[in-house]
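>>> how would this look folded up:
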Amino acid sequence: MQAHIESCAACAQEFKSMQATFALLDTWKAPEPSPYFDQKLAVRLREEQTLAHRIFAYGVDRADEIAKNHWRIHPASIEKTECRVF
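You can find the predicted model right below:
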């Protein structure tokens, strides 16, 4: 593989780019999760499971209607969420 990278400019550039990316990732420090992250996640997962069961029970053709009603009566589930990279 090393011989190929040395003889192929496109692969050499890609390899160099990957090395830079991994070097940058090595310096990244993951933020601490917010307080009660686990509990909030568990609640959100239960809500999603409830929604999935409703859609299964009433049929996919009513999925949009069920989802709108589900989120309308669960205002806590539409609060600001954080984007995290895992």
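
>>> Would you map the helices across this protein?
Along the chain, counting by DSSP state H, helices occupy 2-7, 9-27, 37-58, 63-72.

>>> Would you convert these into TSV that also reports mean pLDDT?
Formatted as TSV, these follow (pLDDT from 0 to 100):
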stretch	mean pLDDT
helix 2-7	92
helix 9-27	94
helix 37-58	80
helix 63-72	60
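
>>> Is it possible to get those out as CSV so that each row also shows mean neighbour count?
No exception for glycine: its C-beta is placed from N, CA and C like everyone else's. Shown next, in CSV, are those (neighbours: other Cβ atoms under 10 Å):
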stretch, mean neighbour count
helix 2-7, 10
helix 9-27, 10
helix 37-58, 12
helix 63-72, 13
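
>>> Domains of the protein: list them as residue ranges, please.
Domain ranges of the chain: 1-30, 32-86, per automatic domain parsing.

>>> With just CA atoms, put stretch 16-32 into PDB.
Extracted as PDB, the C-alpha positions of stretch 16-32 are listed here (Å, rounded to 0.1, in the frame of the first residue of the first chain):
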ATOM      1  CA  LYS A  16      -2.400  13.200   3.700                       C
ATOM      2  CA  SER A  17      -5.900  14.700   4.200                       C
ATOM      3  CA  MET A  18      -6.900  11.700   6.400                       C
ATOM      4  CA  GLN A  19      -3.700  12.000   8.500                       C
ATOM      5  CA  ALA A  20      -4.600  15.700   9.100                       C
ATOM      6  CA  THR A  21      -8.100  14.800  10.000                       C
ATOM      7  CA  PHE A  22      -7.000  12.100  12.500                       C
ATOM      8  CA  ALA A  23      -4.400  14.500  14.000                       C
ATOM      9  CA  LEU A  24      -7.100  17.100  14.500                       C
ATOM     10  CA  LEU A  25      -9.400  14.500  16.100                       C
ATOM     11  CA  ASP A  26      -6.600  13.500  18.500                       C
ATOM     12  CA  THR A  27      -6.700  17.000  20.000                       C
ATOM     13  CA  TRP A  28     -10.500  17.200  20.400                       C
ATOM     14  CA  LYS A  29     -11.800  17.000  23.900                       C
ATOM     15  CA  ALA A  30     -15.400  15.700  24.200                       C
ATOM     16  CA  PRO A  31     -17.700  18.000  26.200                       C
ATOM     17  CA  GLU A  32     -19.200  16.800  29.400                       C
END
